[in-house]
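**Student:** Kindly generate the corresponding structure for this input.
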Amino acid sequence: MADYDLTPLIAPNLDRHLVFPILEFLQERGLYLDDLILKAKIGLLNNTNMVDYAMDIHKSLYHTDDVPQDMVDRRVEVVARLKKLEEAAAPLVTFLQNQNAVQELRSDKQYNLQMLNDRYQIGPDQIEALYQYAKFQFECGNYSGAADYLYQYRALCTNSDRSLSALWGKLAAEILMQNWDIALEELNRLKEIIDSKNFSSPLNQVQSRIWLMHWSLFIFFNHDNGRTLIIDLFNQDKYLNAIQTNAPHLLRYLATAFIVNKRRRPQFKDFLKVVQQEQYSFKDPITEFLACVYVNYDFDGAQKKMRECEEVILNDPFLGKRLEESNFSTVPLRDEFLENARLFIFETYCRIHQRIDMGVLAEKLNLNYEEAERWIVNLIRTSKLEAKIDTKTGTVLMEPNHPNVYEQLIEHTKALSGRTYKLVNQVMEHAQAAQPAR
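**Tutor:** Sure, this is the predicted structure:
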């Protein structure tokens, strides 16, 4: 299933430190030879300060206790550089560790800079040193220390570009420490800055949105509310356009979120149009499954794709998260996906047929006859299905469902206010953009 591995497309849009958890997952799943994974890790570590980690991997890869001299020399350089940066940042670090002194800081950054300079002889050089020290700590793999220093640096920084860089670093550190709630807060801060009209250029804005969406995968598939939040972000016009233009592989994750999330059905119809548009530029079992069910009405194809989807989920570093229970592990998203995928097939199949043979239905759902019968009985019991089972003929009889004209009217006009709001905003943006040129 390495054919469906998206790592070569995702990794270039991540900080190199964020690639390590992905490589760990791929190594655990055995999708690639161990030697290939270890070589990839060393390649990533070459431009970081995690020399001890690189030495350990080198020993595992080449089955030796010796390490190259350049790694030994590099370690000496890193230790010396760390000590130098620590000394340069020491005055400001000491100040920040003094709770009484920190209470003197205000929300006004200019006041803070003047106060630090007058009372503590801390100027721009020491603030810059704190940034370099935090960045070096991050490159050494000390994500906790880096996150703290980057947070404190942003409270003092007046350079918007450097502050933005620090925020990206803070987000990466929180993700690597698996602090999902804090990481989500940083993600929202970044989104607000990226979407602002003062962002550097439209091209950088699009690229930053693509990076943000790639980084967000770690958060959304680990946060309790992530499967709803990913739809809220990825399905926004500006972000969906960026996906279609530069990163169609992200459709796998948006499609999965729609399939396992039953509360976003109104938006789902519009997303199906995107799947149909992009089916020639990007193919993935999960998006192809939706195309089979809702575009081509190919239920045999959907059955085949559902089996492939299961393998894709198990081998995807974001979708295949495992939970250890007693002596076995489960993949919760896989189970949810398959349950909802069967429901999608069943709902669509039932719209076309009034009387359905249970044996044929079991085959379409990848279940045996008894499992299919229990599954349908459970749907009827929980009021998710208006149907009867004829045990003599082994068929499911669908109850006629005549659409209510008032419900149809409400459904068609439900999104009208939202679309009007978007249209007004776009007109206002164009008007404000054109105003200086007059």
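
**Student:** tell me the SS of the nearest residue to Met50 once chain neighbours are set aside?
**Tutor:** Distance criterion C-beta to C-beta, 6 or more residues apart in numbering; nearest residue to Met50, sequence neighbours excluded, is Gly141 at 4.6 Å. No exception for glycine: its C-beta is placed from N, CA and C like everyone else's. Following DSSP: H, G, I helix; E, B strand; the rest coil, we place Gly141 in the coil state.

**Student:** how much space between Gly141 and Cys350?
**Tutor:** Look at Gly141 and Cys350: by C-beta to C-beta, to the nearest Å, they are 54 Å apart.

**Student:** Over to Ala173?
**Tutor:** Counting by C-beta to C-beta, the gap between Ala173 and Cys350 amounts to 49 Å.

**Student:** What is the neighbour count of Glu139?
**Tutor:** 19 (other C-beta atoms under 10 Å).

**Student:** Now it. Nearest residue, chain neighbours left out?
**Tutor:** Glu139's closest residue in space is Asn49 (C-beta to C-beta, 6+ apart), at 4.1 Å.

**Student:** Touching, Asn368 and Ala362? I think so.
**Tutor:** Yes - using C-beta atoms under 8 Å, Asn368 is in contact with Ala362, at 6.1 Å.

**Student:** what ranges of the stretch 51-200 of the chain fall below the confidence cut-off?
**Tutor:** Across the stretch 51-200 of the chain, nothing is flagged by pLDDT under 70.

**Student:** quick one: the helices in it?
**Tutor:** Under the criterion DSSP state H, counting those that start in this stretch, the stretch 51-200 of the chain contains helices at 51-62, 69-96, 99-102, 109-120, 124-139, 143-156, 160-176, 180-194.

**Student:** Now render those as TSV, adding distance to Leu212.
**Tutor:** Formatted as TSV, the helices of the stretch 51-200 of the chain follow (distance: least, C-beta to C-beta, whole Å):
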stretch	distance to Leu212
helix 51-62	27
helix 69-96	29
helix 99-102	31
helix 109-120	25
helix 124-139	19
helix 143-156	17
helix 160-176	9
helix 180-194	6
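
**Student:** so which of those comes closest to Thr7?
**Tutor:** Each of the helices of the stretch 51-200 of the chain has some distance to Thr7 by C-beta to C-beta; the shortest is helix 160-176, at 16.6 Å.

**Student:** Check which helices and strands the closest one sits against.
**Tutor:** Counting contacts by 3 or more C-beta pairs under 8 Å, 6 or more residues apart in numbering; DSSP states H and E, helix 160-176 packs against helix 16-29, helix 124-139, helix 143-156, helix 180-194, helix 202-220.

**Student:** Rebuild those helices as CSV, extending it with distance to Ile356.
**Tutor:** Shown next, in CSV, are the helices and strands packed on helix 160-176 (distance: least, C-beta to C-beta, whole Å):
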stretch, distance to Ile356
helix 16-29, 38
helix 124-139, 58
helix 143-156, 54
helix 180-194, 43
helix 202-220, 36
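
**Student:** Which among those is found nearest to Arg74?
**Tutor:** Closest to Arg74 of the helices and strands packed on helix 160-176 is helix 124-139 (C-beta to C-beta; 12.0 Å).

**Student:** which residues touch the closest one?
**Tutor:** With C-beta atoms under 8 Å, 6 or more residues apart in numbering as the test, helix 124-139 has contacts from 17, 48-50, 81-82, 85-86, 88-89, 91-93, 113, 145-146, 149-150, 152-153, 156-157, 162, 166, 169, 172-173.

**Student:** List only buried entries from those residues.
**Tutor:** 17, 48-50, 82, 85, 88-89, 91-93, 113, 145-146, 149-150, 152-153, 156-157, 166, 169, 172-173 (16 or more other C-beta atoms under 10 Å).

**Student:** so Lys59 makes contact with Met71?
**Tutor:** No - if you go by C-beta under 8 Å, Lys59 and Met71 don't touch, sitting 10.4 Å apart.

**Student:** Between these two, which is the more surrounded one?
**Tutor:** Each of Lys59 and Met71 has its neighbours counted (other C-beta under 10 Å); Met71 has more, 16 against 13.

**Student:** Pretty sure the more buried one sits against His58.
**Tutor:** Yes - when contacts are counted by C-beta under 8 Å, Met71 is listed as touching His58 (6.8 Å).

**Student:** So which of Asn368 and Ala362 has more stuff around it?
**Tutor:** Per other C-beta under 10 Å, whichever of Asn368 and Ala362 has more neighbours is Ala362, with 18 against 11.
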